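Visitor: need a structure here:
(2 chains)
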Amino acid sequence: MFTPSDNWKKLTPAEKREARFASWMSTEGRTFASTEAEQEYARRSQRIKDVIELKKPDRVPLAPFIGGYFMKVGGITPYETMYDYDKYTEAWHKFNEEFRLDYLIFSGAFNPGKVFDKLGYKVYRWPGGGLAKDVDFQCVEGEYMMADEYDQFIADPEAYYMRTYMPRAFSALEGWAMLPSFFATMELPMAPALMIPVGLPPVQAAFKAFIEAGQAALEFAEAMGKADGYLQAQYGMPALPGGFTKAPFDYIGDTLRGTRGIMLDTYRQPDKVLAAVERLVPIAIQMGVQTASANNNPFVFIPLHKGADGFMSNKDFKRFYWPTYKAVLEGLIAEGLVPWNLVEGGYNTRLEIIANDPPPAASTYWNFDQTDMLEAKKHFGSWAAIAGNVPSSMLHAGSPEQITDYVKHLIDNVGQDGGYAMATGAVLDHSTIENLHAMVKTCKEYGVYS
Amino acid sequence: MSQQLIDAITDMREDDALNITDEMLEKGTNPLEVLEACRLAMEVIGKRFEEGDCFVPELILAGEVMKGITDKVKPLMQEQTDDAKKLGKIVFGTVQGDIHDIAKDIVAFMLDINGFEVHDLGVDVPPAKFVDKVKETGATMVGLSGFLTLAYDPMKDTVEALKDAGLDVKVMIGGGQIDDQIRVYTGADAYGRDAMAAVALAKQWA
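Guide: Got it, this is the predicted structure:
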């Protein structure tokens, strides 16, 4: 947990960031198995800070997102990852001991299956929850927010989300649709208007499921804390990225209106889409602030979805996607946080647009996938930290020699001035052991700055 | 009026397109003429998509407009014109383990509108189901869609299953993390970056 100082509101963004970094980088209050591990922790946290500040670190940091690949190395199934925390811990440790990466980047594959069972989650299917045990979790596209609900959403997004969206997205929470506004409790004689519905069996059942899901989530948090705590202590691995949020357009487009829904909305009701994404800006900023502070981490993970090449024209990107996303970046930076953007797909057509209207310099990090890295360096290199982009296809089907050559090419042509981290393009689910070793080894040996 | 309809569709003016369709049908225009205008409009849109002037939202909106127009036209069709010449048969689906369908649906729609008989098997389709459908329909082409990297091996397995069954088909693959390296890995005949690439491949193979 990050504790802001008493004078927090008077600090500048730069001062806030220094405070958040100091807290995350501090080895005080952290246990290490050896002095070596403690020193590694200090070196690695400094290394990524240097990259954010567009400096040359001691060497190129190794910061790939390991999704499901650790399961292949650890010999467990996606189902076991989500339901058997002992097996997860063993596999996660085995993977990290084999590859010795720099950072503990959360595995997107490690999630609490029991929580979603209790809630009856419908927006995703997962191994043991609608999918076979050897298959990764996946989103079920759909219109969970209806086309005619924008006004309701815009009027009060959180109320809409809890009392209309969640009862649809979670079968166990259907009872919440019966709840009136919580404002009913503002006066003693008005309070029964809320509390009586709370006493009704369907609402009671919903809260009961919610409580049990919370208990299951705590078990998960404990398991994750123990699993990561061991690795941090043993090998001095700082945890990344910390908090999370999304671009406002993705809040609506991913799991509320769905892909088809929001694409049609940009034609059929563009003004409502614009009003909705505007309305989400403070909520998206708060999400990042709260989750990063809870994790005592200066970074906020932002996966970018619907603004990728091909998913909309540049005209629509400038109109619907970028302005509110930029506002969220600025809001996070103002709070001393560093947005850690995972730029899924390609941003080749967007680089110039963003570079002509950029967020504050030396304050953001962009992990590219199918974007041309030389172009990324050309447009972003002077004002942003960039990372990427060893392809999933190469890691899965290529050779160690191919990987080595590509990693060297990235270091020579994208990372030569610093401000760069080595990463996979996408979250890593499939690779060969030899290929990932080639990536790690080459980065550690060839990526040293003289 | 046909040109007005074509323009409304290619300009993404959904309401105008539907209103013009109503007008044309009220005036007694042959429904086939309306459908021909739709086909020509989709040709324009497909070309614009290839050239990078229109994108997925435009394809989806076009799909909606097509549906709206065909809903109006179908009841007026004198007989089922199944004799509309089909350029070829293709079996399509998202491979085993993957449940993503939006891109698959767009590709299937573009193939259909370009004159192919598409047999869409849906999502999470095991290799055997592709084999069975090819045998049943006599399709000469198979399209495999997959969004996640977990699709790589099922694609490879499907290509192998088709070969083992002795079926003479050409296989195209596509999806977010598909490239030529994966085409080689899976043994597929070709890969495409998007819906129009699929149409171009199908026309080549027909």
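
Visitor: residue furthest from the geometric center of the chain?
Guide: Looking at chain A here, since you left the chain open. Each residue of chain A has a distance to the centre, and by Cα atoms, centre = their mean the biggest one is for residue A:189: 43.9 Å.

Visitor: wrong one, I was asking about chain B
Guide: In chain B, residue B:27 marks the outermost C-alpha relative to the chain mean, sitting 31.6 Å out by Cα atoms, centre = their mean.

Visitor: can you count the residues close to the nearest residue to that residue once chain neighbours are set aside?
Guide: Nearest non-adjacent residue to residue B:27, counting by Cβ to Cβ, 6 or more residues apart in numbering or on different chains: residue B:1, 7.5 Å away. Every residue, glycine included, has its C-beta placed from N, CA and C. When neighbours are counted by other Cβ atoms under 10 Å in any protein chain shown, residue B:1 registers 14.

Visitor: Equivalent analysis for residue A:97, please.
Guide: Using other Cβ under 10 Å, residue A:97 has 12 neighbouring residues.

Visitor: following the longest strand along chain B, which helix or strand comes up?
Guide: Counting by DSSP state E, the longest strand found in chain B is strand B:88-94. Using DSSP states H and E, the helix or strand that follows strand B:88-94 in sequence is helix B:102-113.

Visitor: If you average the pLDDT over that following helix, what comes out?
Guide: The average pLDDT within helix B:102-113 is 88.

Visitor: Render the CA-only coordinates of whichever strand or helix holds residue B:44 in CSV, please.
Guide: Assigned by DSSP H and E, residue B:44 falls within helix B:31-50. As requested, the backbone C-alpha atoms of helix B:31-50 are provided in CSV (Å, rounded to 0.1, in the frame of the first residue of the first chain):
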residue,chain,number,x,y,z
PRO,B,31,-35.5,-7.2,-56.4
LEU,B,32,-32.5,-8.6,-58.2
GLU,B,33,-31.6,-5.1,-59.3
VAL,B,34,-31.5,-4.0,-55.7
LEU,B,35,-29.3,-7.0,-54.8
GLU,B,36,-27.0,-6.2,-57.8
ALA,B,37,-26.6,-2.6,-56.5
CYS,B,38,-25.7,-4.1,-53.1
ARG,B,39,-23.1,-6.3,-54.7
LEU,B,40,-21.6,-3.4,-56.6
ALA,B,41,-21.5,-1.3,-53.4
MET,B,42,-19.7,-4.1,-51.5
GLU,B,43,-17.2,-4.2,-54.3
VAL,B,44,-16.4,-0.6,-53.8
ILE,B,45,-16.2,-1.0,-50.1
GLY,B,46,-14.0,-4.1,-50.4
LYS,B,47,-11.6,-2.1,-52.7
ARG,B,48,-11.5,0.8,-50.2
PHE,B,49,-10.7,-1.6,-47.4
GLU,B,50,-7.8,-3.0,-49.4
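
Visitor: Run through who's touching that helix.
Guide: B:2-3, B:5-6, B:9-10, B:21, B:24-25, B:54-55, B:58-59, B:62, B:66, B:69-70, B:73, B:76-77, B:81, B:110, B:113-114, B:194-196, B:199 (Cβ atoms under 8 Å, 6 or more residues apart in numbering or on different chains).
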